[in-house]
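Colleague: Sequence plus predicted model, see below.
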Amino acid sequence: MEFTRISPHADLERFIECYWMMYSQDSVPQVEKIIPDGFTEIIFNYGDVYKSKISGNWTLQSPNLLARQLKTFFYLENTGRTDSIAIKLKPAALTQLFGFSMDQYLDEIVDLDSFSNPELKQLKEKIDECVRLGYNREEQFVKRILDEYFAKLIQTAPENPLEGPLNLIFSSNGLVTVIEMASAAGVGERQLERLFKNT
């Protein structure tokens, strides 16, 4: 299995943790345990689809996925060869860039093609272009395409009112109080709760 982690342009680091690519011609099924890390991922599979087991049953995934923030581990199993490109978003970026609420689809892996969001459609077209040109395993080409796409998208992105509390959570490995997070956001505890629910 070839896994490549790609850092985004410095201007995008407030929104994007990384891009990644995964490739393998090995079609032997292998089960992997996935540990939640607080990030949302947009995943495009151009190989064979995966199966996932989140709450007891194995489910065949769609090729294009939105993997929301998960509260517990889950399992993945390949059904054949792997060829994927993905974007790992910072926790509030799904709201800032695509207008989704953070509490929507919690603990779910959703078919990306079920959304009529024009920005997501354009992103898929950019990734399709990489595949069509045969550059979907070329790190620098994928980085350039995604950096250019997100550089335009962030121009209209609203500010993240939770940037302070989220930075505090990650820098302290989650060992932070509600009072400290509310202070970092400059709001009261009830307002902080509403922000986490609606942002």
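Modeller: Alright, I've got the coordinates. Since we're looking at a predicted model, the values are computed, not measured.
Colleague: you'd agree residue 195 is up against residue 187?
Modeller: Yes - between residue 195 and residue 187 there is a contact under C-beta atoms under 8 Å: 6.9 Å. Heads up, the C-betas are built off the backbone N, CA and C, glycines and all.
Colleague: part of a strand, is residue 141?
Modeller: No - Residue 141: not assigned to a strand; according to DSSP: H, G, I helix; E, B strand; the rest coil it is helix.
Colleague: got a list of what it touches?
Modeller: Listed by C-beta atoms under 8 Å, 6 or more residues apart in numbering, the contact partners of residue 141 are 130, 133, 135.
Colleague: Check residue 133 too.
Modeller: Neighbour list for residue 133: residue 141 [criterion: C-beta under 8 Å, 6+ apart].
Colleague: Adjust the sequence numbering to begin at 561 for everything that follows.
Modeller: With the count now opening at 561, the last piece we talked about shows up as residue 693.
Colleague: Tell me the spacing between it and residue 651.
Modeller: To residue 651, residue 693 is 32 Å away according to C-beta to C-beta, to the nearest Å.
Colleague: Spatially nearest residue to residue 639 (excluding sequence neighbours)?
Modeller: residue 608 (4.9 Å; C-beta to C-beta, 6 or more residues apart in numbering).
Colleague: Domain-wise, how is the protein divided?
Modeller: Following automatic domain parsing, one finds the domains of the chain at 562-716, 723-758.
Colleague: could these go into CSV alongside mean pLDDT?
Modeller: Shown next, in CSV, are the domains of the chain (pLDDT from 0 to 100):
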stretch, mean pLDDT
domain 562-716, 89
domain 723-758, 75
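Colleague: was I right about residue 705 contacting residue 690?
Modeller: Yes - counting by C-beta under 8 Å, residue 705 does reach residue 690; the two are 5.8 Å apart.
Colleague: And what about the residue nearest to residue 641 when sequence neighbours are not counted, helix, strand or coil?
Modeller: Spatial nearest neighbour of residue 641, chain neighbours left out: residue 607 (4.5 Å); criterion: C-beta to C-beta, 6+ apart. Assigned by three-state DSSP, the conformation of residue 607 is coil.
Colleague: Now the residue nearest to the spatial centre of the chain: phi and psi?
Modeller: Centroid-nearest residue in the chain, with C-alpha atoms, centre = their mean: residue 601, separated by 1.6 Å. Per-residue torsions, residue 601: phi -130, psi 140 (degrees, to the nearest 10).
Colleague: thought it was touching residue 649?
Modeller: Yes - between residue 601 and residue 649 a contact is recorded at 7.0 Å, counting by C-beta under 8 Å.
Colleague: Identify the contacts common to these two.
Modeller: Between them, residue 601 and residue 649 share no contacting residue under C-beta under 8 Å, 6+ apart.
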